[in-house]
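A.B. asks: have a look; sequence and predicted model below, questions after that.
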Amino acid sequence: MNIYSQNDPRWGNKLLGHSTVSTIGGFGCTITDIGMILDTTPDAVNDRLRAVPGGFANGTLVNWAKLNQAFPQLKFIYRHSTFSEATMNDAIRRYGFVLLEVDYDNAPGTRDTHWVIARHDNIIRDPIDGRDKHISRYPRRTGLCVLELLQPPAPPIPPANPSNPIEEDFMSPEQFSQFMGAINKLQATVQALMVLQVVVHNPTLEKKKNNPAVFVVDKDSRIPLGNVDELDAFRTKIKEV
Ligand SMILES: [Ca+2]
């Protein structure tokens, strides 16, 4: 989680949401919180939410229900209109953080709602100045907004393709095991390492019989290992080790 201040001169004077007067520095606590959670600057959060229809309600209020549309990795769970320590702690335990609605000046008569990020051990991250503070800084707590930061999906693992005759022909699991043993005995010579790379990474292994064989080691480099007969001879030699 990053740390930003809504009053940073890089964006503090920019207009918040669709307002013509309110600035990020003056009223942009929530988008600054979101920026910290997403590791995105508050003005970038502002621009993104502005681009989503209804992203801001009444011009400057973050519309929780539109958050996920603006930021696919951020999921809105629930907005509590009352504060409960148990709910806060449960959200922190589940998601690592929770947005906490507080009264900035601790005076009920003044409307100065502020949103900070509550974290473990009663520490809050305050967008007003980009500092971590004890939660006792804000004794009047009026609500919570539970959000979940989704992890980016892991890159897909290409499925094994046992029907690929080239791969089958090249080296069976038994042969590969034998090959690995031979590598150890050979103490991994340069040539052996090159073949090993072909075995491990061969996404697009090309083997043309009766032609010089080219083995694609990875997407960036092609290492010719001579013709097929030479490779077969090398494999035979390994078997003999
Ligand atoms: Ca107040």
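C.D. replies: Received, thanks.

A.B. asks: CA atoms for contacts and neighbours, from now on please.
C.D. replies: Noted.

A.B. asks: and for the nearest residue to residue 32 once chain neighbours are set aside, the neighbour number?
C.D. replies: Distance criterion CA to CA, 6 or more residues apart in numbering; nearest residue to residue 32, sequence neighbours excluded, is residue 42 at 4.7 Å. In terms of burial, residue 42 registers 30 neighbours under the definition other CA atoms under 10 Å.

A.B. asks: pretty sure residue 42 contacts residue 8?
C.D. replies: No - taking CA atoms under 8 Å as the definition, residue 42 is not a contact partner of residue 8, at 9.5 Å.

A.B. asks: for the residue nearest to residue 32, what are its contacts?
C.D. replies: Applying CA atoms under 8 Å, 6 or more residues apart in numbering, we find residue 42 in contact with 4, 6, 11, 24, 28, 31, 32, 33, 34, 35, 36.

A.B. asks: closest one to the ion out of the residues you listed, please.
C.D. replies: residue 28 (16.7 Å; CA to the ion).

A.B. asks: so that closest one is in contact with residue 13, correct?
C.D. replies: No - contact status for residue 28 versus residue 13: not in contact, 10.3 Å apart, counting by CA under 8 Å.

A.B. asks: in terms of neighbours, single out the busier of those two.
C.D. replies: Shown here are residue 28 and residue 13; by other CA under 10 Å, residue 28 has more neighbours (30 against 16).

A.B. asks: now the residue nearest to residue 32: how far from residue 124?
C.D. replies: When CA to CA, to the nearest Å is the yardstick, residue 42 and residue 124 sit 18 Å from each other.

A.B. asks: repeat that for residue 2.
C.D. replies: Separation of residue 2 from residue 124 (CA to CA): 13 Å.

A.B. asks: of the two, who's got more company?
C.D. replies: Comparing residue 2 with residue 124 by other CA under 10 Å, the one with more neighbours is residue 124, at 23 against 14.

A.B. asks: for this structure, what's the longest strand?
C.D. replies: strand 141-149 (DSSP state E).

A.B. asks: lowest confidence element among the helices and strands of this protein?
C.D. replies: Ranked by mean pLDDT, DSSP states H and E, the weakest helix or strand in the chain is strand 212-216, scoring a mean of 37.

A.B. asks: so what does the helix or strand that residue 117 is a member of touch, helix or strand wise?
C.D. replies: Using DSSP states H and E, residue 117 maps to strand 113-118. Applying 3 or more CA pairs under 8 Å, 6 or more residues apart in numbering; DSSP states H and E, one finds that strand 113-118 contacts helix 29-38, strand 98-103, strand 123-126.
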